[in-house]
Each structure stands twice: as C-alpha cells, then as structure tokens.
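Engineer: For reference, the sequence and a predicted model appear below.
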Amino acid sequence: MKILVITEQRQGKWNSVSFETLVAAQQLAAKTSGSVSAVVLGKGVAPLAAELAAKNLAEVILAEHDLLDAYTPDGYCVALAQVLGSAKPDLVLFPHTYQVRDFAPKLAAGLNKGMIGDCIAVREDAGKLTFVRQMFQGKTAADVTFQGAGPWFASFQTGAFRADQLAAHPSGKAPVNSAAIDLKPEQIRTVPGELFREAKQAVDLTQAPIIVAVGRGIKAPENIAQAESLAKALGGELAASRPICDEGWLPMERQIGSSGQTVAPKLYLALGISGAIQHVVGMKGSRTIVAVNKDQNAPIFEIADYGVVADIFEIMPALTEALEKSKAS
Amino acid sequence: MNIIVCIKQVPAKDAPLAISGNWIKESDIGFEMNEPDSYALEEALRLKEKHGGEVIALSMGPERVKQTIKEALAKGADRAIHVADDNFHQLDPLGSARALAAAIQKEKCDLVLTGLQSDDHGFGQTGVLLAGLLNLPHATLIMSIEAAEGKMKLKRELEAGWFQWIECPLPAVLSIQSGINKVRYATLKGIMAAKKKEIATVTRESLGVSAEATQRVEKIYVPVKSKQTEFLTGSAKEVAAKLVEKLKFEARVI
C-alpha cells in the first residue's frame, strides 16, 4: 500500500501531530509491505523537508510556491491535487487539525472520494483497513471502512499514535523531490490575514499543578462558585470545557481542549464533564484524573483513575469540607 | 442577503443510547436541534436582521426532523426545505452533502451556513464538502462575520487560542464555531407565526442524487477502556473522605 502523509507546518514550525500521523503510516506500511512518502507544503520549507528525510520514508515531496506561504483552503486543495496526481497514493493520511478539517474533505471530494476524519486507531486485516473513530461525543466508538477504490483519505486525532515511535531511515536519507506546483492568484478566493491572540492570556493553566474543571453538569453560572471553593481548597486553578466558556460562564482563557489550552497537571478533577474528545485531547496527559459525573457511561470515566458516579452538587461541598478538615488536622 | 442554514436533528443530549448495529434504537428517545447548528441559525437570523433578505432552514432526515424545522421557523427562519430521507443516518458525509448541495442549487442564495459538526456522527465535513460541490469559497470555525459590499471580513478560530482575520467574497459557505453568539429562544408569537410558514419537501430521488457511498460505518460499540478506573462509592461524605485519602496517600498529588 502506497501511503502519502500530508504534514502540517505554519511559518516554518511543525505542527507536531504530523509526526504521530507519520508513525501511523509507518506502522500501516509495515503491515502491508507498503511505503510511506511525506509531503511538506509551504514556502521556504526546504529545511523541514530535509529534517523529514532522516526518517524512514520512501520519499519526501517538497511542494513549494509563493502562494502557499500562508494557508488558504483553495491554495492547498489546488496544490495537493497536483501532488496526488503525480504521486498516485492508495491512502492519504493527515493529522486531524483545524487546518485539515478546513480543506481535506474538499480535496477528497474533488476526486469523488470520501474522507474518514478524526480517527483514533486503524486495523489492517488482509489488506482491508478498518478505521476507529468516535461517535455521539465519545459515548460510542465506530468501525468505519472505505467503499470503492482509492485513493482513500483519513485523518488521525492528536494522541492516537506516539510520535516518539517514528522510525529513522535505515540507511542514510530519503530523497527530497520538489513537486512543480501550478497555482495562480485568481484560484485563491479568500485572503488570509495575520494571526493574533485575544487579550493577553492572564491565566497560564499549563503551569497549574492542580486543575478543577467544570462542564455542562454545572448547569448554571451561579453554581460556579461551588467549584471555585473546591479549587481553592485544593490550591488549584479553575478551568472548564468549551460549552461553559461558550455560554460566557467562565472566560475563554480558562478553556481546556482542542480550541483552548492543553494541560498535564498532577491532578485534574473533572466535574460534570462528559469527556468529548475535543476536551479530552486537552487534558488526557494529566498524571491523576478524577471524574465526577452522574452518568456512569460518560466517556470521561474511560481515562479517569478515580471515578465517582454521583451528583456533583453533593460531591463538591463534601469534598471541599473533607479537604479543609484534612488540612486542619 | 439570502441565507441557507443547514440544520441537523440529533438525539437529545441526555438520551440513553441503545446501540443497534451501526446506529441506535430510535424508539423511546428524544431528538433535538444539533447544538452547533443552533449557533449557525442564530448567526443567519442576525445577518438577516442587519442586511435584510431571507433565511431558509435546510434539513435532511425522516419525518421527525420536521419538529426541528418548526423550531427553526419559530425562531425566525422564513421558510424551510426538508430533504425527506428515512435512510439519512446511513449516508456518508459526501452522500449527505451531495443531496444538500442539490437542494441549495435550486435556490438563489448568497450565503450557506452550517454548524461546526453534528453531535451524533460528528463527521464535521458538511460545510467544506458543500463548498467543494457548489464551487464556492469557504471558511470554517467562524467566530465573527462582518458583511459589506459583496464580501465578508471573518474571524476564524485556530488552535490553542489563536485567531485569524480573513476576507471572503460572497457567495460563500461558512461553518460556524459554537459560541459565536447567544442563541435566542422561540417566542410564543414566533411559534404561532411558524405554523403559516412553508416547508417544501424534496427527496434525493427528486433531486437526482446518487447514493453511492465512499465509506461505511460497520458497527458502533461502547469504547474499550484504556485505564482501570477505581470507582468510589458511598454517601457524598464517605466518597469525599475516601477520595482525599486516595489523593494524599495513593496518588500522592495533594
């Protein structure tokens, strides 16, 4: 099986999930006696291509063009369609990033093909691939297969594979070949502007050793104070899943997950958080995870070290009291 | 500005899910408007209030979907298109997008809005696929729209707290990020007015869309646990005491 991995960089810096996707590709190639090639797309990104050449790859394709300096979905789709046209892969793999979500389904549809996005695993059985992804906000997993002929398109969620398993080239270096990209300004219909952050982030949750995070289970903004007291008793920072910040009950800067901060504290206490993958990718590296949720099937329990199936409004005050008592003694 | 909003109906958030093959048993559970789509609908209504035009709610699925369509009409959509399809939950993202694109092509619209993703399948591809099929420019994860003179200034969310302004011409397809606005509730007046609003019904057959799938969900199942979770039981007070003990002496994190 000929596998092509579309890596991601921005302003010459890797999106490191790319390496996890390369590992996925290497493992699949090993099982199918296949090969892995990687594509580096952008402008002035030859150093990144050279870096990849040291990995166990058949080829590194360097697709450079002035109009690929800043990401645009139109530019990337036009350029990658040309790369795919000459590379003729059976399987095209992407890291599941916001950027990939923005263009990859369209790239696949342009070839009349489908994409299985947001995968967490893949199995191979006699050449047939079965991809595993989540459905119903993580409450179920799903086995998904491609129908019809390739090329097939799939993306892998952050953390699905371990980047440190990326195999080096066995004998020297993979060849770096430049792809000729024919791209005209009028083919790009959107105009990308500068990247920016909102008001300087006042809280750096990545440095907090203890985090108390609330989800939908907190029900109303006036209940946040209870979680805040608990966070105080633990000496931790208060955080939240996305819906709480969407509602404006806590500021966006306290959001954990793919669109917020990624944290790995020594203790993460998840209160009324169901555990949708967008949240879990931001906290699953935590050393000890405690989950309190009244739904015993909540996906958050899959990654919790300690679980409590209960109403958070009973547990929060009891735990705050127990912590204060323990401190006093 | 004429706007089509794609709205999906999904199982209610707290619905107990009973797995059946590659889908769920639909009897005995409630359905509701996909939450990310409610933000897209709200954004469409706000754009219409500012720039005029009409908002068309477009939804695909079996008869029960009409309930969600009526909710969109009650909130202020002017009319609706229902792509009636009892087999909707078996379609792949491209199959659904082809049907929606065919329905959109019959209308004169300036803007197509979708939500971020659905809370059931969660493919998150519809908006981007529609842009490809309709050959329109697009942008996703939109947190703000300023429209003027045939183009839009958009605030797009990136990962880890970064944003980007982009310019996009009209017509276009935008996928709205959840949290862009505060969604309204339907008023009693809105609910009454909705009864008189038109719901046009079409089918994939009448739209001439093929059903050839590119991917198939073989089965769904409860995920395999990756970690052994120790569940603590008892009264709230007992659980709290046990947990403090565990965190102090077993995990040694406090």
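Structural biologist: The structure has been received and is ready for your questions.
Engineer: C-alpha only now, for contacts and for neighbours.
Structural biologist: OK.
Engineer: quick one: strands adjacent to the longest strand along chain B?
Structural biologist: Longest strand in chain B by number of residues (criterion: DSSP state E): strand B:138-148. Here strand B:138-148 is paired, per DSSP bridges, with strand B:151-157 (antiparallel), strand B:172-176 (parallel).
Engineer: tell me the mean pLDDT for the first one?
Structural biologist: Think strand B:151-157. Across strand B:151-157, the average pLDDT comes to 95.
Engineer: And for the shortest one?
Structural biologist: For strand B:172-176, the per-residue pLDDT values average out at 98.
Engineer: Next SSE downstream of it?
Structural biologist: Per DSSP states H and E, strand B:172-176 leads on to helix B:188-194 as the next helix or strand towards the C-terminus.
Engineer: Give me the residues contacting that following helix.
Structural biologist: If you take CA atoms under 8 Å, 6 or more residues apart in numbering or on different chains as the criterion, helix B:188-194 is touched by B:70-71, B:73-76.
Engineer: Let me know the closest of these to A:R133.
Structural biologist: B:E71 (30.8 Å; CA to CA).
Engineer: how close does the most centrally placed residue in chain B get to A:F19?
Structural biologist: Of all residues in chain B, the one closest to the mean position by CA atoms, centre = their mean is B:D37, 3.5 Å from it. B:D37 sits 33 Å away from A:F19, taking CA to CA, to the nearest Å as the criterion.
Engineer: thinking again about what came up before, format the contacts of helix B:188-194 as JSON lines; extra columns: distance to B:K25 and neighbour count.
Structural biologist: Shown next, in JSON lines, are those (distance: CA to CA, whole Å; neighbours: other CA atoms under 10 Å in any protein chain shown):
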{"residue": "B:K70", "distance to B:K25": "24", "neighbour count": "21"}
{"residue": "B:E71", "distance to B:K25": "24", "neighbour count": "19"}
{"residue": "B:L73", "distance to B:K25": "28", "neighbour count": "27"}
{"residue": "B:A74", "distance to B:K25": "29", "neighbour count": "22"}
{"residue": "B:K75", "distance to B:K25": "29", "neighbour count": "24"}
{"residue": "B:G76", "distance to B:K25": "32", "neighbour count": "27"}
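Engineer: Can you list the residue ranges for helices in the chain?
Structural biologist: Just going to use chain A. Secondary structure of chain A (DSSP state H): helices at A:17-31, A:46-52, A:73-87, A:98-110, A:224-234, A:242-246, A:277-280, A:312-328.
Engineer: try again with chain B
Structural biologist: Using DSSP H, the helices of chain B run over residues B:35-51, B:65-75, B:93-105, B:126-134, B:188-194, B:204-207, B:236-245.
Engineer: got the CA coordinates for the fifth one in CSV?
Structural biologist: Output of helix B:188-194 as CSV, limited to C-alpha atoms (Å, rounded to 0.1, in the frame of the first residue of the first chain):
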residue,chain,number,x,y,z
LEU,B,188,-44.9,32.4,21.5
LYS,B,189,-45.5,34.8,18.7
GLY,B,190,-42.8,33.1,16.7
ILE,B,191,-44.3,29.7,17.3
MET,B,192,-47.7,30.9,16.1
ALA,B,193,-46.1,32.5,13.0
ALA,B,194,-44.2,29.4,12.2
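Engineer: For A:M135, grab the count of nearby residues.
Structural biologist: 22 (other CA atoms under 10 Å in any protein chain shown).
Engineer: quick one: contacts for it?
Structural biologist: By CA under 8 Å, 6+ apart, the contact set of A:M135 is A:141-142, B:119-122, B:220.
Engineer: any chance of those in a markdown table, with pLDDT, distance to B:K106 and neighbour count too?
Structural biologist: Below are the contacts of A:M135 laid out as a markdown table (pLDDT from 0 to 100; distance: CA to CA, whole Å; neighbours: other CA atoms under 10 Å in any protein chain shown):
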| residue | pLDDT | distance to B:K106 | neighbour count |
| --- | --- | --- | --- |
| A:A141 | 93 | 37 | 20 |
| A:A142 | 96 | 35 | 25 |
| B:D119 | 94 | 28 | 24 |
| B:D120 | 95 | 28 | 22 |
| B:H121 | 96 | 27 | 20 |
| B:G122 | 94 | 27 | 18 |
| B:I220 | 95 | 36 | 23 |
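Engineer: In strands, which of these fall?
Structural biologist: Counted as lying in strands by DSSP E, out of those, are A:141-142, B:220.
Engineer: any idea how far A:D90 is from A:A149?
Structural biologist: A:A149 is 9 Å from A:D90, by CA to CA.
Engineer: If you count surrounding residues, which of those two has more?
Structural biologist: Legend: neighbour count by other CA under 10 Å for A:A149 and A:D90, higher for A:D90 (16 against 9).
Engineer: The residue nearest to the more buried one when sequence neighbours are not counted and A:A87, how far apart?
Structural biologist: In space, and not counting its chain neighbours, A:D90 is closest to A:P151: 4.5 Å by CA to CA, 6 or more residues apart in numbering or on different chains. Distance of A:P151 to A:A87, given as CA to CA: 11 Å.
Engineer: of these two, who's got more company?
Structural biologist: Higher neighbour count among A:P151 and A:A87: A:P151, with 21 against 15, using other CA under 10 Å.
Engineer: and that one, what is it in contact with?
Structural biologist: Residues near A:P151 by CA under 8 Å, 6+ apart: A:88-92, A:113.
Engineer: do you know which of the strands paired with strand B:138-148 lies nearest A:E253?
Structural biologist: With CA to CA as the measure, strand B:151-157 is the member of the strands paired with strand B:138-148 nearest A:E253 (13.6 Å).
Engineer: got the contact list for the closest one?
Structural biologist: Residues outside strand B:151-157 that contact it (CA under 8 Å, 6+ apart): A:259, B:139-147, B:163-170, B:177.
Engineer: ok, 6 Å please
Structural biologist: Contacts with strand B:151-157, where a contact means CA atoms under 6 Å, 6 or more residues apart in numbering or on different chains, come from B:141-146, B:163-170.
Engineer: try stretch A:258-269
Structural biologist: Here stretch A:258-269 makes contact (CA under 6 Å, 6+ apart) with A:206, A:209-212, A:278, A:282-283, A:285-291, B:159-161.
Engineer: Can you turn the buried part of these into a ChimeraX selection?
Structural biologist: A single ChimeraX command selects the buried members of the contacts of stretch A:258-269 (16 or more other CA atoms under 10 Å in any protein chain shown):
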select /A:209,210,211,212,278,282,283,285,286,288,289,290,291 /B:160,161
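Engineer: Next one: the nearest residue to B:E230 once chain neighbours are set aside from B:T233, what distance?
Structural biologist: In space, B:E230 comes closest to A:Y306 once its chain neighbours are excluded; the distance is 4.8 Å by CA to CA, 6+ apart. Distance, A:Y306 to B:T233, using CA to CA: 11 Å.
Engineer: For A:A167, list the residues it contacts.
Structural biologist: A:55-56.
Engineer: before we move on, what about A:F146?
Structural biologist: Contacts of A:F146 by CA under 6 Å, 6+ apart are B:214-215.
Engineer: Go again with 10 Å.
Structural biologist: Taking CA atoms under 10 Å, 6 or more residues apart in numbering or on different chains, we find A:F146 in contact with A:113-116, A:128-131, A:152-154, B:213-217.
Engineer: By neighbour count, which of these wins?
Structural biologist: In terms of neighbours by other CA under 10 Å, these top out with A:G114 at 29 neighbours.
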